[in-house]
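Chemist: 3D model of this:
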Amino acid sequence: MKRVITYGTYDLLHYGHINLLQRAKALGDYLIVALSTDEFNWNMKQKKCYFTYEERKKMLEALRAVDLVIPEENWEQKRSDVKLYQVDTFVMGDDWKGKFDFLEEEGVEVIYLPRTPEISTTQIKSDLSK
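Modeler: The predicted structure is shown next:
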């Protein structure tokens with residue numbers, strides 16, 4: 001079984017997220033999503049989420065492409081996650097290109113997928129505030 005992992009906040013879940021998750025799942029048999037906790041988002045990313053961790057987790061778990069949702073609690077856990085979950089492929093959006101290449105040292109294939117260009121949570125929040 002080929003295991004794939006990706007990370008994110010997934011607040012205001014939209015079709016760009018769905019596209020990324022479906023493409024990530026297509027790269028393997030089992031997709032793990034490491035979902036940023038509320039504390040991690042606030043303390044480390046300075047992001048305030050509309051939906052709580054539990055609400056975002058529930059939405060992700062309802063998606064056919066997602067097999068398992070785990071908490072992302074810090075930046076450093078990626079190396080231990082790929083070992084713990086026996087990950088073959090690490091996937092992120094291409095706005096992170098090059099940032100996680102160090103995982104190749106763990107024997108993990110690192111792939112940066114193009115984002116859906118016309119949609120983002122930041123853009124949705126900006127449009128709604130107008």
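
Chemist: Please count neighbours and contacts with C-alpha atoms only from this point.
Modeler: OK.

Chemist: mind checking which helix or strand of this protein has the lowest mean pLDDT?
Modeler: When the helices and strands of the chain are scored by mean pLDDT, DSSP states H and E, helix 121-129 comes last with a mean of 73.

Chemist: List of residues touching it?
Modeler: Around helix 121-129, the neighbours that count as contacts under C-alpha atoms under 8 Å, 6 or more residues apart in numbering are Asp11, Leu12, Leu13, His14.

Chemist: Out of these, which is nearest to Leu84?
Modeler: Proximity to Leu84 was ranked across those by C-alpha to C-alpha; first place goes to Asp11, at 25.7 Å.

Chemist: which intervals of this protein have sub-threshold pLDDT?
Modeler: Under the criterion pLDDT under 70, the flagged ranges of the chain are 125.

Chemist: again, only using 80
Modeler: 45-47, 117-129 (pLDDT under 80).

Chemist: returning to what we had before: so which of the contacts of helix 121-129 wins on neighbours?
Modeler: Counting neighbours by other C-alpha atoms under 10 Å, Asp11 leads the contacts of helix 121-129 with 21 neighbours.

Chemist: Which secondary structure state is assigned to it?
Modeler: Counting by DSSP: H, G, I helix; E, B strand; the rest coil, the backbone at Asp11 sits in coil.

Chemist: And it, how far from Gln86?
Modeler: Distance check for Asp11 against Gln86: by C-alpha to C-alpha, to the nearest Å, it reads 27 Å.

Chemist: same deal with Arg23?
Modeler: Relative to Gln86, and taking C-alpha to C-alpha, Arg23 is found at 20 Å.

Chemist: So in the chain, which helix runs the longest?
Modeler: Here the longest helix in the chain is taken by residue count, with DSSP state H as the criterion, and it is helix 15-25.

Chemist: which residues touch that helix?
Modeler: Contacts with helix 15-25, where a contact means C-alpha under 8 Å, 6+ apart, come from 4-6, 10, 31, 65-66, 91, 93, 113, 115-116, 119-120.
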